[in-house]
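1. Sequence and predicted structure below; questions after.
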Amino acid sequence: MITKADPVDWHLAKRVAKRVSGHEPFLNSYHYRELGAELTDLTAQAEELVAAETGLVSATGPARAQVTTRVGWVDANLASFQRLLRPLTNKIAERTSSSWMAPATKKISGIEMGAVLGWISTKVLGQYDLLIIEDEQPEDQDMVYYVGPNLIALERKHDFEPQQFRLWLALHETTHRAQFTGISWLRPYFLGLVQEILNTAEPNLDHFKQAARQALQARHRGEDPLMNGGLPGLLATPEQKKILDQIGGMMSLLEGHGDITMNRAGADRIPDAERFSRVLHNRRSSTKGLARQLQRLVGIEAKLNQYAAGENFITALEAHSGPELINRAWESATHLPSMTEINNPSQWIDRISSINKSNAKPALIATNK
């Protein structure tokens with residue numbers, strides 16, 4: 001729902017994103033037309049493999065696959081952002097709607113958001129949309145998206161075997177869905193953290209000036225002010241940074257668990273998995289120039305680092321006590337690792353070991369058979 005007072009011109013964001021997303025390869029080919037049925041089947045297969053590997057069964061029914069274009073992916077994410085950011089945009093609207101600058105800032109915000117989403121749409125292959133908002137268009141939520149043109153283009157560029165690669169990708173996305181729908185408290189906990197950040201956001205010029213001063217001071221000390229979460233991390237208050245640390249630790253764990261699960265669950269079906277992983281890792285880390293700076297500004301580079309950090313964390317836990325130890329993380333929100341613990345697994349192991357094991361719930365996930 002868009003109001004006149006909304007501080008973001010969402011329609012302009014969509015137009016800008018469409019222009020930035022550029023030409024969509026293979027959109028009119030039979031390869032694209034056949035993707036829908038094929039990925040629906042592979043997503044169902046992937047969900048069964050993930051359930052067998054992890055023991056997680058979705059409480060919301062089978063996964064729904066949707067093949068989309070870059071513009072379709074942008075539309076889905078703009079809708080999610082409108083729902084998610086509503087507490088913040090309403091707050092900004094109350095303070096700025098009467099300002100003579102409001103129309104200009106509304107358009108600038110739309111251009112910025114459209115440019116970022118348009119650029120990301122050229123890179124993304126798949127995504128599980130976890131940003132479910134109750135009572136709002138349930139048919140458009142809880143979807144597993146595949147950006148068909150990008151998927152086909154990458155397969156052609158690297159001569160991937162399509163069936164293997166598509167199943168491998170589906171395993172990753174359905175693992176994330178299994179995490180958020182198979183652990184009852186995880187989704188509301190995550191959305192609660194995000195809402196807490198948005199509810200405590202205070203958009204004012206003094207805060208931005210202070211953040212700019214801190215960034216300059218960090219650069220003088222030889223530090224990278226964008227290293228921990230890009231611009232959102234830089235602008236966060238001390239209280240919000242604590243929440244971002246919780247979110248970062250949780251997402252690193254989930255990304256690491258997702259990568260490990262996708263490789264183990266499909267080990268017998270995807271002999272080229274190691275090559276797929278290597279190519280995508282190189283693709284993530286090879287971005288340079290302006291695109292690299294954009295990644296850093298919006299926090300994408302920090303997210304990419306979560307993959308390796310999460311895998312290293314799980315590997316350290318398994319080396320210490322076998323695959324069962326990671327199950328303790330899924331027992332409650334208090335058992336999730338912070339970002340500090342992700343980077344120092346022994347701290348998490350010591351903390352969890354000190355908890356009375358007699359109060360532990362049954363294990364929910366096994367990362368190994």
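-> Yep, it's here.
2. tell me the mean pLDDT over the longest helix seen in the chain?
-> For the chain, the helix with the greatest residue count under DSSP state H is helix 238-265. Mean pLDDT, computed over helix 238-265, is 85.
3. Need the residues that contact the helix or strand that that helix is followed by.
-> Sequence order places helix 273-285 as the next helix or strand after helix 238-265, per DSSP states H and E. Under the criterion CB atoms under 8 Å, 6 or more residues apart in numbering, residues 154, 158, 160, 164-165, 168, 259, 262-263, 266-267, 270, 304, 307 lie in contact with helix 273-285. For every residue, glycine as well, the C-beta is placed using N, CA and C.
4. Make JSON lines from those and add neighbour count to it.
-> Formatted as JSON lines, these follow (neighbours: other CB atoms under 10 Å):
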{"residue": "Leu154", "neighbour count": "20"}
{"residue": "His158", "neighbour count": "13"}
{"residue": "Phe160", "neighbour count": "19"}
{"residue": "Gln164", "neighbour count": "18"}
{"residue": "Phe165", "neighbour count": "23"}
{"residue": "Trp168", "neighbour count": "24"}
{"residue": "Asp259", "neighbour count": "21"}
{"residue": "Met262", "neighbour count": "28"}
{"residue": "Asn263", "neighbour count": "18"}
{"residue": "Gly266", "neighbour count": "23"}
{"residue": "Ala267", "neighbour count": "13"}
{"residue": "Ile270", "neighbour count": "22"}
{"residue": "Leu304", "neighbour count": "16"}
{"residue": "Tyr307", "neighbour count": "19"}
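5. what two of those have the greatest distance between them?
-> The span of the contacts of helix 273-285, defined through CB to CB, is set by Ala267 and Leu304 at 24.3 Å.
6. Which residues are in contact with Leu12?
-> Leu12 sits in contact with 107, 110-111, 114, where contact means CB under 8 Å, 6+ apart.
7. For the stretch 1-150 of the chain, just list every one of the helices.
-> All helices of the stretch 1-150 of the chain, identified by DSSP state H, counting those that start in this stretch, fall at 10-21, 30-33, 35-54, 70-84, 86-96, 102-121, 148-158.
8. quick revisit: of all the contacts of Leu12, which comes closest to Ala76?
-> Nearest member of the contacts of Leu12 to Ala76, counting by CB to CB, is Gly114, at 14.3 Å.
9. quick revisit: with the contacts of Leu12 in mind, which one is nearest to Tyr32?
-> Gly114 (24.0 Å).
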